[in-house]
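1. What shape does this take:
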Amino acid sequence: MALHDPKIPSEDNTHKPLRIVDLFCGAGGFSLGAHAAGISVVAAYDRDPILTSSFEANFPDTPLHLRNAAWMCGERLLRDAGGQIDGIIGGPPCQGFSEMGLRANDDPRRQLLRHFFRLVAEVGPRFFVMENVRGLGFPAARSTLNAALDLVRERYDLLGPILWDAAFFGAATTRPRMFVIGIRKDLEKPMTRALVEARTRHPATVEDAIADLKGAREIDVDPAGFDRWETTRLCQPSAYAERLRRGGVFTGHRPTDHTEAVRTRFAAVPEGGFDKVGRHPRLAWNAQCPTLRAGTGADRGSFQSVRPIHPDEDRVITVREAARLQGFPDDHRFHPTVWHSFRMIGNSVSPLIGEAVLAAIRDRLLSPDDDEIVGKTEKVWEMAELADG
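-> Sure thing, here's the model as predicted:
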């Protein structure tokens, strides 16, 4: 039984900021999107101390709880949040469903999807957003998703599963991900695809994201072990880079020290080409970066992800360049080691798509009379689809 009964009258929350919790928070990409949308993240949860190692530094006002979702209950979430929870967001571990993985039915991480929806059912927030890989929609995994959705289907108007790409919301990387959004039925404000897609933007390019980082100078290494850098290039950054800059100082930009043989091999790969030996794609300045992969932790063999080659430097991209491509601001910290930092970025929700989805939900829930706006938005998208067809 849900801990919140929608039949019990509650106070008018129309003008109050939404209060949410972030499950499987990792490096905090979804939380960043929430903050950008003006939503308060009152608690965050994850079981991995490495992937969350910088969370408290990045979000000092959000308590981080290192717990396994399988062992949590809705009552505990409400207690940790200090009261009302308006929304639950999260991306349950995707490796059990990923196209790049084994997709084994006995992978215990697959069960965390069900626990996400179990917690939603127990808490009964006004809305939820679940993000995952598109492999979750494949026939082999669809029964698992449907069984999890059955836990909330009776009480929530569902949108999805639906596939959205971070590039369509302004990121400089292609990153198709599956989303399911639920709005509690008693609110009578079901979410629509058009309301989210009204927030699409033209994709940023690799040049937009990282060109201003060329020639950066290392300043020092701080006490926490992070290498600090400053920009030196006198140029007007793109609007995309300008939004992510934080005073011209940033961490995590030390380049990989390749062997001479590797540098020679990379030098032979044209812009937009592909290194057949290491399977590294070379980025093109005027295109988007391919999806950045996470690699695995020590418990899964410590496999490193393949990192793209810089467009015109014979090296793989740095942590900060990867963060820029994904949409993280320059003051967001990851881990002092490159391997763990790339795991953080590769596992994250792009803050840009997180902001777009959550801002659309915010406006839907907090606008007192938006049925006319919804109708107009739907009509505009219907006409656009007809024109494209």
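2. can you give me the helices for the stretch 251-389 of the chain?
-> Using DSSP state H, counting those that start in this stretch, the helices of the stretch 251-389 of the chain run over residues 260-267, 319-326, 338-347, 351-366, 371-388.
3. Same question for the stretch 51-200 of the chain.
-> 55-58, 74-81, 111-123, 139-149, 193-197.
4. Could I get these in CSV, plus columns for mean neighbour count, distance to residue 88 and mean pLDDT?
-> Placement of C-beta: from N, CA and C, glycine included. Formatted as CSV, the entries for the helices of the stretch 51-200 of the chain read as follows, by neighbours: other C-beta atoms under 10 Å; distance: least, C-beta to C-beta, whole Å; pLDDT from 0 to 100:
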stretch, mean neighbour count, distance to residue 88, mean pLDDT
helix 55-58, 17, 17, 96
helix 74-81, 18, 8, 95
helix 111-123, 22, 5, 93
helix 139-149, 15, 13, 83
helix 193-197, 20, 18, 96
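5. Tell me which of these approaches residue 67 most closely.
-> Among the helices of the stretch 51-200 of the chain, the nearest to residue 67 by C-beta to C-beta is helix 74-81 (8.3 Å).
6. contacting residues around that closest one?
-> 2-3, 19, 21, 42-43, 63, 65, 84-85, 88, 119, 121-124 (C-beta atoms under 8 Å, 6 or more residues apart in numbering).
7. who wins for neighbours among these?
-> If you count neighbours using other C-beta atoms under 10 Å, the busiest of those is residue 21, which has 27 neighbours.
8. in its sheet, what does the strand or helix carrying it sit against?
-> With the criterion set as DSSP states H and E, the secondary-structure element containing residue 21 is strand 19-23. Looking at strand 19-23 with DSSP bridges, its partner strands are strand 40-46 (parallel), strand 87-90 (parallel).
9. most tightly surrounded among the helices of the stretch 251-389 of the chain?
-> Comparing these by mean neighbour count (mean count of other C-beta atoms under 10 Å), helix 319-326 comes out on top with a mean of 28.
10. helices or strands up against that one?
-> In terms of contacts (3 or more C-beta pairs under 8 Å, 6 or more residues apart in numbering; DSSP states H and E), helix 319-326 is packed against helix 206-210, strand 249-251, helix 338-347.
11. got TSV for those, with mean pLDDT and distance to residue 111 too?
-> As requested, those are exported to TSV (pLDDT from 0 to 100; distance: least, C-beta to C-beta, whole Å):
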stretch	mean pLDDT	distance to residue 111
helix 206-210	97	36
strand 249-251	95	35
helix 338-347	93	18
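12. so which of the ones you listed gets nearest residue 183?
-> helix 338-347 (26.8 Å).
13. got the angle between the closest one and helix 319-326?
-> Counting by axes from the mean of the first three to the mean of the last three C-alpha atoms, to 10 degrees, helix 338-347 lies at 0 degrees to helix 319-326.
14. Would you mind putting the CA coordinates of helix 338-347 into CSV?
-> Extracted C-alpha coordinates of helix 338-347, given in CSV (Å, rounded to 0.1, in the frame of the first residue of the first chain):
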residue,chain,number,x,y,z
VAL,A,338,40.7,9.1,-15.2
TRP,A,339,39.2,5.6,-15.2
HIS,A,340,36.7,6.2,-12.5
SER,A,341,35.8,9.6,-14.0
PHE,A,342,34.9,8.1,-17.3
ARG,A,343,32.8,5.5,-15.5
MET,A,344,30.9,8.4,-13.8
ILE,A,345,30.3,10.3,-17.0
GLY,A,346,29.5,7.1,-19.0
ASN,A,347,26.9,6.1,-16.5
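15. Where does pLDDT dip in this protein?
-> Along the chain, the parts satisfying pLDDT under 70 run over 1-15, 94-110, 137, 295-304, 369-389.
16. Tell me, domain by domain, which residues of it belong where.
-> 19-203+350-388, 206-347 (automatic domain parsing).
17. The next helix or strand after the strand holding residue 21 packs against which elements?
-> Note on strand 19-23: by DSSP H and E, the next helix or strand toward the C-terminus is helix 29-36. Here helix 29-36 touches strand 19-23, strand 40-46, strand 87-90, helix 351-366, going by 3+ C-beta pairs under 8 Å, 6+ apart.
18. Contacts only, for the nearest residue to residue 212 once chain neighbours are set aside.
-> Of all residues beyond its chain neighbours, the one nearest residue 212 is residue 237 (4.3 Å), with distances taken as C-beta to C-beta, 6 or more residues apart in numbering. Under the criterion of C-beta under 8 Å, 6+ apart, the contact list for residue 237 reads 211-212, 245.
19. Quick check on residue 237: phi, psi?
-> With angles defined as degrees, to the nearest 10, residue 237 sits at phi -70, psi 160.
20. start to end distance for stretch 287-305?
-> Between the opening and closing residues of stretch 287-305 lies a distance of 21 Å (C-alpha to C-alpha, to the nearest Å).
21. right, I mislabeled it, should have said stretch 314-327
-> Stretch 314-327 has an end-to-end distance of 24 Å (criterion: C-alpha to C-alpha).
22. And stretch 42-59, by the same measure?
-> Using C-alpha to C-alpha, one end of stretch 42-59 lies 10 Å from the other.
23. which residues sit against that stretch?
-> Contact partners of stretch 42-59, identified using C-beta under 8 Å, 6+ apart, comprise 19-28, 31-32, 35, 41, 62-69, 72, 77, 80-82, 85, 297, 332-335, 340, 343-344, 347.
24. How about stretch 274-282?
-> Outside stretch 274-282, the residues within contact range by C-beta under 8 Å, 6+ apart are 262, 265-266, 269-273, 290, 306-311, 316.
25. Throw together a ChimeraX command that grabs the buried residues out of those residues.
-> To isolate the buried members of the contacts of stretch 274-282 in ChimeraX, using 16 or more other C-beta atoms under 10 Å:
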select :262,265,266,269,306,307,308,309,310,311,316
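26. Number of residues surrounding the nearest residue to residue 68 once chain neighbours are set aside?
-> On the basis of C-beta to C-beta, 6+ apart, the spatially nearest residue to residue 68 that is not a chain neighbour turns out to be residue 47, at 4.7 Å. Under the neighbour criterion other C-beta under 10 Å, residue 47 is assigned a count of 16.
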